[in-house]
Every structure is written in C-alpha cells, then in structure tokens.
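K.L.:
when you get a sec, could you give me coordinates for this:
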Amino acid sequence: MHSTVSDGCFQDNDDFHMAPGFFLEDLEEIFQYEVLKMLKKEGKIINAIIEMMLSWRHSGFHVYIGSKIFSDDKAGLGNLARYIIRACFSQERMVYIPAKVSDDNTAKVVYTSKNRKSRKTFNALDWLARLVTHIPGRYEQTVRYYGYYSNKSRGMRRKAEADGSIPAVIPNGMSSKESRQNWARLIQKIYEVDPLVCPKCWGKMHIISFIEELDVIEKILRHLGLWEIRNHDPPQPQCHKVKMLSG
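P.N.:
Predicted coordinates:
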C-alpha cells in the first residue's frame with residue numbers, strides 16, 4: 001500500500017499546520033493492529049493466530065516514510081505520483097524470447113532484477129499468468145482519496161473558487177518528544193481513564209522516564225504478570241460517589 005499523506009492537518013480556513021516528526025515504530029504497531037483487527041473481523045484469522053504473529057521477533061509489517069515534498073516542488077510531486085500508480089514491473093528489464101529461437105521451442109520471458117545482479121526465466125504463459133493478477137478488475141479502484149484530497153472536498157473548494165490556492169504553511173512548535181508525551185492526555189480523552197492516577201491510592205503519578213528497551217519492558221511486565229495479557233478491552237472508567245455532610 002502506497003500513500004501520499006499530508007505532513008500535518010488543514011484547518012477550516014485552509015491553513016496547514018505541519019506535524020512534528022513521526023516515530024516509525026509507533027506507525028508500524030498501529031498498522032499491524034489495524035490489519036490484524038480487519039482480518040479477524042473478516043473471519044480470516046482467529047485469536048490464536050494473532051497471538052502467534054504478535055510473538056514473532058520480526059512482525060512482517062514495515063512502514064517507510066520518504067523525504068518531505070513541498071507544494072512548490074512540482075518535479076517531486078510528479079515523480080511521487082508516477083511512483084504510486086506505476087506498473088508492478090519494468091518493461092525495460094523484460095526480454096521476450098520467441099519459441100522459434102528458443103532452445104526447447106518454448107516461448108520464454110527473461111526478467112532482470114532492479115539491481116541488475118540476477119535474472120529469472122519464465123515460461124511465457126506462466127509470466128502472463130503472474131502478470132494478470134496485478135490487473136485490477138472492472139470498476140475496481142486502485143487509487144483512493146480521503147479528507148482534504150477527497151472528491152467532495154475538492155468539489156467544495158472548486159465551487160468556492162478556492163481550489164487553486166496554496167494553504168499557508170504554519171510550522172509546528174511542538175517537538176517530537178513533547179508530542180509523544182501527549183499519550184496520557186489522549187488515553188484519558190478516548191477511554192475516559194487517566195493513566196497517571198494510581199489505581200491503589202488514587203494519587204497523581206509522575207513520569208520518571210520512558211523505557212524503550214524491549215528486553216527491559218518484557219522483564220518488568222513479566223514481573224507484574226502482565227506480559228501474556230493481550231487483546232483486552234480498555235479499562236472501565238472509575239466512578240466515585242462523594243457524600244456531602246452539612247452541620
């Protein structure tokens with residue numbers, strides 16, 4: 001899946017606020033979670049398979065973020081667009097050998113790798129069979145547009161005669177570290193539970209440090225008996241009743 005994504009967000013006045021830097025590890029985990037959830041919903045996999053896949057050292061999921069391309073870089077935008085919709089193979093690296101000149105009277109296709117270091121020979125019919133699997137079906141969409149780039153949003157801007165204007169770019173003043181530390185606020189906003197409130201004494205906890213070493217994280221969670229817990233629902237919001245006494 002190849003995506004062209006805005007490096008930030010658009011406001012109602014079409015001003016564009018740039019986002020801080022992304023952490024690829026976080027995006028890979030989100031990508032993995034959403035794909036596995038979708039496959040489970042479609043009935044393609046079960047919890048046992050998900051548990052096994054999550055235990056793999058190499059998840060098989062990978063996210064790559066290329067260099068930023070600014071709105072005035074027309075050549076860069078054009079190259080990116082062509083890259084996203086380009087064919088799955090290069091015709092320049094494909095050589096067709098007719099049956100009449102082949103050693104065994106069988107038509108073949110020789111395909112050279114991108115780095116030019118290896119070649120693979122296919123039977124011509126096998127090559128066609130592999131190739132047609134990449135041809136989209138009738139009425140099948142291969143490119144989709146969302147949000148600011150959707151057909152509806154573009155139509156509204158075109159109607160307002162603002163489709164050709166370039167939004168004002170406003171740099172983000174928040175560092176990547178500060179952005180990442182917003183996790184507590186976001187958890188509280190979504191799940192209505194403050195992760196920085198101690199579940200035993202209800203006192204306010206303070207962040208001492210962020211631990212990112214996987215072996216240390218595993219050791220701590222195993223000591224707490226939380227390492228094997230997966231796919232559980234978010235915690236329920238705590239309700240407290242306060243009785244008011246008046247003299």
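K.L.:
residue 8 is in contact with residue 18, correct?
P.N.:
Yes - using C-beta atoms under 8 Å, residue 18 is in contact with residue 8, at 4.3 Å. C-betas here are computed from N, CA, C, even on glycine.
K.L.:
the two: who's more crowded?
P.N.:
Neighbours per residue, other C-beta atoms under 10 Å: of residue 18 and residue 8, the larger number sits with residue 8, 17 against 14.
K.L.:
show me what contacts that one?
P.N.:
Taking C-beta atoms under 8 Å, 6 or more residues apart in numbering, we find residue 8 in contact with 16-19, 172.
K.L.:
including distance to residue 70 and pLDDT, could these go into JSON lines?
P.N.:
Shown next, in JSON lines, are the contacts of residue 8 (distance: C-beta to C-beta, whole Å; pLDDT from 0 to 100):
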{"residue": "16", "distance to residue 70": "11", "pLDDT": "79"}
{"residue": "17", "distance to residue 70": "15", "pLDDT": "81"}
{"residue": "18", "distance to residue 70": "10", "pLDDT": "79"}
{"residue": "19", "distance to residue 70": "14", "pLDDT": "77"}
{"residue": "172", "distance to residue 70": "15", "pLDDT": "61"}
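K.L.:
next, name the residue at the spatial heart of this structure.
P.N.:
Geometric centre of the chain, nearest residue: residue 31, 4.6 Å, by C-alpha atoms, centre = their mean.
K.L.:
three-state assignment of it?
P.N.:
Secondary structure, DSSP: H, G, I helix; E, B strand; the rest coil: residue 31 is helix.
K.L.:
any idea how far it lies from residue 64?
P.N.:
Using C-beta to C-beta, to the nearest Å, one obtains 11 Å as the distance from residue 31 to residue 64.
K.L.:
where do the helices sit along this protein?
P.N.:
Counting by DSSP state H, the chain has helices at residues 24-41, 47-54, 74-85, 124-132, 151-159, 176-180, 183-191, 214-223.
K.L.:
quick one: least confident helix or strand in the chain?
P.N.:
Lowest on mean pLDDT, DSSP states H and E among the helices and strands of the chain sits helix 176-180, with a mean of 58.
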